[in-house]
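# Sequence and predicted structure are below.
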Amino acid sequence: LNGMLGMAQIMTTSQPEHQPEQQRQLNILLESGQHLLSLLNDILDFSKIEQNKLELEIHSFKLADLIEPIEATYKPICHEKNLTFNLDTTLPPTTILRSDKSRIRQVIYNILSNAVKFTESGGINLSIQTEKCGSCSESLLIVTISDSGIGIRKERLKRIFEPFTQAESSTTRCYGGTGLGLAIVKQLTGLMSGSA
């Protein structure tokens with residue numbers, strides 16, 4: 001799959017004189033391949049978590065190292081859908097965090113991807129703050145994502161973090177997806193002593 005995606009990317013960039021239809025087909029190939037790769041990664045991550053084989057890589061990093069790639073990814077995606085993307089944090093970019101940066105980013109990406117998918121107008125807000133832990137000397141990282149999308153019925157909220165579950169039966173038909181993203185979010189936040 002990586003080889004196929006790599007070849008498609010080379011074809012896209014090495015011959016800019018492609019006919020519009022060829023370019024469209026290459027873009028579909030890339031998008032479909034990236035979707036499949038994302039699905040495979042979700043399944044592998046979920047399997048590792050279920051077997052208690054996923055190990056966190058804890059290290060110190062700057063807040064900027066976490067949020068800059070997120071902004072660089074989701075601002076253009078939101079712009080394409082005519083959505084606003086707002087990042088709200090009172091923390092300086094040089095704030096030092098200690099955790100598994102890639103897994104925190106994965107949690108945020110999974111939720112933001114859902115927010116973009118289910119929002120047709122308005123915008124998406126990402127808030128990143130810290131809060132003193134009452135029973136320990138460390139601070140908690142508080143990440144809040146809100147959107148102006150279709151929403152979820154209150155009685156379905158408890159089930160959305162279950163594997164292969166989506167908010168409504170019609171969701172898969174309209175929007176696609178497997179129902180694994182939020183299950184992985186819940187498992188990863190639990191591994192990092194957090195909650196979703």
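Structure received.
# longest helix in this protein, by residue count?
In the chain, assigned by DSSP state H, the helix with the most residues is helix 20-50.
# And the strands in the chain?
59-62, 84-88, 96-99, 123-132, 139-147 (DSSP state E).
# Contacts made by the first one with the rest, please.
Judged by CB atoms under 8 Å, 6 or more residues apart in numbering, the contacts made with strand 59-62 from elsewhere in the structure are Pro93, Thr94, Thr95, Ile96, Leu97, Arg98, Asp100, Lys101. All C-beta spots, glycine's among them, are computed from the backbone N, C-alpha and C.
# Now for this protein, the helix or strand with the poorest mean pLDDT.
The weakest-scoring helix or strand in the chain, judged by mean pLDDT, DSSP states H and E, is helix 170-175 (a mean of 50).
# before we move on, the earlier item: check which helices and strands the longest helix of the chain sits against.
Packing partners of helix 20-50 (3 or more CB pairs under 8 Å, 6 or more residues apart in numbering; DSSP states H and E): helix 2-14, helix 181-191.
# what sits up against the first one?
Helix 2-14 is contacted by residues His18, Gln23, Leu26, Asn27, Leu29, Leu30, Gly33, Gln34, Leu37 when judged by CB under 8 Å, 6+ apart.
# May I see the residues you listed arranged in a markdown table, with pLDDT as well?
Output for the contacts of helix 2-14, formatted as a markdown table (pLDDT from 0 to 100):
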| residue | pLDDT |
| --- | --- |
| His18 | 64 |
| Gln23 | 77 |
| Leu26 | 79 |
| Asn27 | 77 |
| Leu29 | 80 |
| Leu30 | 78 |
| Gly33 | 77 |
| Gln34 | 73 |
| Leu37 | 73 |
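# from the residues you listed, which is closest to Ser127?
Distances from Ser127 to the contacts of helix 2-14, taken as CB to CB, are shortest for Gln34 (27.6 Å).
# Lys53 is in contact with Leu191, correct?
No. Contact criterion CB atoms under 8 Å: Leu191 and Lys53 do not qualify, at 11.4 Å.
# more neighbours, these two?
More crowded of Leu191 and Lys53, by other CB atoms under 10 Å: Leu191, with 15 against 8.
# What does the pLDDT read for that one?
In this model, Leu191 is scored at 87, pLDDT.
# what sits against it?
Taking CB under 8 Å, 6+ apart as the test, what Leu191 contacts is Ile49, Leu54, Leu56, Arg103.
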